[in-house]
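Peer 1: With the sequence up front, the predicted model follows.
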Amino acid sequence: QVPLVESGGGLVQAGGSLRLSCTSSSRTFSAYATAWFRQAPGKGREFVSAINWSGGSTDYADSVKGRFTISRDNAKNMVYLQMNSLKPEDTAVYYCAIKMGYSTNVRGYDYWGQGTQVTVSS
């Protein structure tokens, strides 16, 4: 098991910014690719962004390209999702997840955090 903890969610006005963080107490965390997914009420869980273990490869959903930036600091066992120019449609529970290898598919991920709520008001 690799426990994951997300933080940084909250309530923000449209156009504002938030930074989500994902961390683990496991020393193997830095060996995993990490992704962010989100789930809005009544909808399925969707891919937001992913980063490989070294930080050298990243991917973004089209809906967040140019607004969100994923990064990691392996020395601190942290992965971040900087979210700028937030829109009401970004409102969701955001989850971080990890896997060996790399994927943007929600089914490919082995370990999941509990999620953090992001609410964007108009």
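Peer 2: Noted; the coordinates are in hand.

Peer 1: Now do the same contact list for the residue nearest in space to the middle of the chain.
Peer 2: Nearest to the mean C-alpha position of the chain, by CA atoms, centre = their mean, lies Trp36 at 2.6 Å. Residues in contact with Trp36 (CB atoms under 8 Å, 6 or more residues apart in numbering) are Leu20, Cys22, Val48, Ser49, Ala50, Ile70, Leu81, Tyr94, Tyr95, Cys96, Ala97. Bear in mind the C-beta positions are built from the backbone N, C-alpha and C, glycine included.

Peer 1: if we go to 6 Å?
Peer 2: Shown in contact with Trp36 (CB atoms under 6 Å, 6 or more residues apart in numbering): Val48, Ser49, Leu81, Tyr94, Cys96.

Peer 1: where along this structure do the strands fall?
Peer 2: According to DSSP state E, the chain carries its strands in the segments 5-7, 10-13, 18-23, 33-39, 46-51, 58-60, 68-73, 78-83, 92-99, 111-112, 116-121.
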